[in-house]
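Asks: Curious how this folds, go ahead:
(4 chains)
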Protein chains: 2
Amino acid sequence: MHEHLIKTIRQKVNLTDEEAATFERFFIPRKYRKRQYVLNAGDKCQYLLFVAKGLLRSFTVSDDGDEHVMQFAMEGAWITDMGSFLSGDDAIYNIEALEDSELLLLTRDGMEELLETIANVERYFRVLMQNSIIALQKRIRLTQMYSAEEAYLQIMELQPDVFNRAPLQHIASYLGITPETLSRIRKQVSAKR
Amino acid sequence: MHEHLIKTIRQKVNLTDEEAATFERFFIPRKYRKRQYVLNAGDKCQYLLFVAKGLLRSFTVSDDGDEHVMQFAMEGAWITDMGSFLSGDDAIYNIEALEDSELLLLTRDGMEELLETIANVERYFRVLMQNSIIALQKRIRLTQMYSAEEAYLQIMELQPDVFNRAPLQHIASYLGITPETLSRIRKQVSAKR
DNA sequence: CTTATTTGTTGTTCTACGTCAATCGACGTG
DNA sequence: CACGTCGATTGACGTAGAACAACAAATAAG
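Replies: Residues are numbered from 1 along each chain as shown, chains lettered A, B, ... in the order given. Presented below is the predicted three-dimensional model:
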């Protein structure tokens, strides 16, 4: 279960075998069933999560009860409530397993210790964060410049691996549209070809 | 002009006076006039920019010629085309001075050298990136869960310093609405009180 | 001070998407 | 196997915001 983690890290920075072994030790493996919540908004987010297997979503719930998906995370991805994890504030996001999933959990203390123990870890996380920023900006442009249909076509073309696994209602939420609208878009798209 | 930079860094990590002096030396001070472009989409983005004074915007231009604002940056903020700066790809963003501005420019090589020379720099940038992620996620939720009017009211309440300085057309673009719609929203809002 | 240019406002019309409600199918559970 | 629940689809109708066009106000330029 940890091999995936090490392989992912080594795509961005070098780790000696010894370092890799140390690194692994800080992660708590845990399994979640489909529909199980990994984090509830309002709680403190205690972990940074690495997805070894499965699919998760993070989302907020607005006053009127509507859900708004922030992120999907599949194998090899990280997910957390960054604000809560880093600052100890109450979490604003919920995190839910959309499939049976295997996660590797890193606590705040664990992370701090890792950053101090292994030189390249600080660099790894910086690079990881940079890539997240690029992805988030891309996502902002997606809804800012494209119609719902165009945005839908783009994500399906560029990230089919995630979005073919996610339920339609959550894809709609991710795009900021209703399930009804997404359903109509899909109908139109399939009619066109 | 560099004092602001050092003060900003020291809000997040410790630097000895010696380190601070070294740090400063890597930054190229440069002034830009209002309306001047700091970066043109299509060029390589050579610098990470620290705003010592003034106000900038980064934005993309879509095929139909519409502009889409990604970010405003005022004193104390950083701005760049992250993808281009880090990977050497062509820039997709333009960066323009909205006021006469004083910037401190850091090259890619300069950044690498700084990361190697001063221990806490790596940490500083990681923390900076983390905060950017939190801010970007907040921004995504802004348009995902709120109406244009609510979103407008929120940014004006939460970041009045930036948004009271930025031209309305660019605020509209940031929110993903037309200038006409923003104008009507403002009229309604002011009528309500 | 006068004229251009840019930026913001207002009115009218149009459309993409939302809302509400009903239906159908796929699962999961007793 | 019947029933309840949940997810997706479809239809009818409503609305926020876009598009287009004209105008006003503010800035810049001569």
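Asks: Could you check which helix or strand contains the most centrally placed residue in chain A?
Replies: Nearest to the geometric centre of chain A sits A:A73, at 3.3 Å (CA atoms, centre = their mean). Element membership for A:A73, per DSSP states H and E: strand A:67-74.
Asks: The helix or strand just after that strand vs chain B: in contact?
Replies: Counting by DSSP H and E, the element after strand A:67-74 in chain order, helix or strand, is strand A:78-79. No - counting by CB under 8 Å from any CB of the partner chain, chain B has no neighbours in strand A:78-79; the shortest distance is 10.9 Å. Just so you know, the C-beta spots here come from the backbone N, C-alpha and C atoms, and that holds for glycine as well.
Asks: Distance-wise, check A:D100 relative to DNA strand C.
Replies: In this view, A:D100 and DNA strand C are 11 Å apart by CB to the nearest atom of the strand, to the nearest Å.
Asks: Show me what from chain A comes close to DNA strand D.
Replies: Residues of chain A lying close to DNA strand D (CB under 7 Å from any atom of the strand) are A:167-169, A:179-180, A:182-184, A:186-187.
Asks: Just the buried ones out of the residues you listed, please.
Replies: Among the residues of chain A next to DNA strand D, those classed as buried by 16 or more other CB atoms under 10 Å in any protein chain shown are A:L182.
Asks: For A:V127, what is the enclosing helix or strand?
Replies: helix A:119-145.
Asks: where does whichever helix or strand comes after that helix sit relative to the chain's centre, distance-wise?
Replies: Toward the C-terminus, helix A:119-145 is succeeded by helix A:148-158 as the next helix or strand (DSSP H and E). In this view, helix A:148-158 has its centroid 19 Å away from the chain centroid, taken as CA atoms, centre = their mean, to the nearest Å.
Asks: Over to stretch A:68-81?
Replies: Distance, centroid of stretch A:68-81 to centroid of chain: 1 Å (CA atoms, centre = their mean).
Asks: What of stretch A:121-132?
Replies: Relative to the centre of its chain, stretch A:121-132 is centred 15 Å away, using CA atoms, centre = their mean.
Asks: average pLDDT across it?
Replies: Stretch A:121-132 shows a mean pLDDT of 96.
Asks: which residues touch that stretch?
Replies: Under the contact criterion CB atoms under 8 Å, 6 or more residues apart in numbering or on different chains, stretch A:121-132 has outside partners A:9, A:12-13, A:23, A:78, A:114-115, B:82, B:86, B:115, B:122-123, B:125-126, B:129-130, B:132-133.
Asks: List the buried residues for the helix or strand encompassing A:D161?
Replies: Per DSSP H and E, A:D161 falls inside helix A:160-163. Buried positions in helix A:160-163, judged by neighbour count with 16+ other CB under 10 Å: A:162-163.
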